[in-house]
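Trainee: need coordinates for the below:
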Amino acid sequence: ARSKESEKDALNARQRWTIKGDNLVMSGQHTESQLAKMLGRSIRAIQRRRARLREAMAHNAGVKQ
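Mentor: Residues are numbered from 1 along each chain as shown. The predicted structure follows:
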């Protein structure tokens, strides 16, 4: 239900993610609802972006070894 509500306010839906947005998502300083309001994204979009960033970080860590 929370995610559906946040989708209505997602003004930046289908827009490219910025480095600033990525940093906020990964910082862990804000809740997903706070991030949704701050970034104009849905909670689901934030969850997906965080997962993709973590996956990319894990991949990059594996490549460097």
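
Trainee: so what does the spatially most central residue of the chain look like in phi/psi?
Mentor: Closest residue to the average C-alpha location of the chain: I46 at 2.9 Å, with C-alpha atoms, centre = their mean. Phi and psi for I46, reported as degrees, to the nearest 10, are phi -70, psi -40.

Trainee: what about S42, distance to H59?
Mentor: 25 Å (C-beta to C-beta, to the nearest Å). All C-beta spots, glycine's among them, are computed from the backbone N, C-alpha and C.

Trainee: before we move on, the earlier item: check contacts around the residue nearest to the centre of the chain.
Mentor: V25, E32, L35, A36, L39 (C-beta atoms under 8 Å, 6 or more residues apart in numbering).

Trainee: neighbour count, pLDDT and secondary structure added to these, as a markdown table?
Mentor: A markdown table is the format used below for the contacts of I46 (neighbours: other C-beta atoms under 10 Å; pLDDT from 0 to 100; DSSP: H, G, I helix; E, B strand; the rest coil):
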| residue | neighbour count | pLDDT | secondary structure |
| --- | --- | --- | --- |
| V25 | 21 | 98 | helix |
| E32 | 18 | 96 | helix |
| L35 | 23 | 97 | helix |
| A36 | 23 | 96 | helix |
| L39 | 22 | 97 | helix |
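
Trainee: which parts of this protein are helices?
Mentor: 2-8, 19-27, 32-39, 43-64 (DSSP state H).

Trainee: need the winner for burial among those.
Mentor: helix 32-39 (a mean of 17; mean count of other C-beta atoms under 10 Å).

Trainee: check which helices and strands that helix sits against.
Mentor: Counting contacts by 3 or more C-beta pairs under 8 Å, 6 or more residues apart in numbering; DSSP states H and E, helix 32-39 packs against helix 2-8, helix 19-27, helix 43-64.
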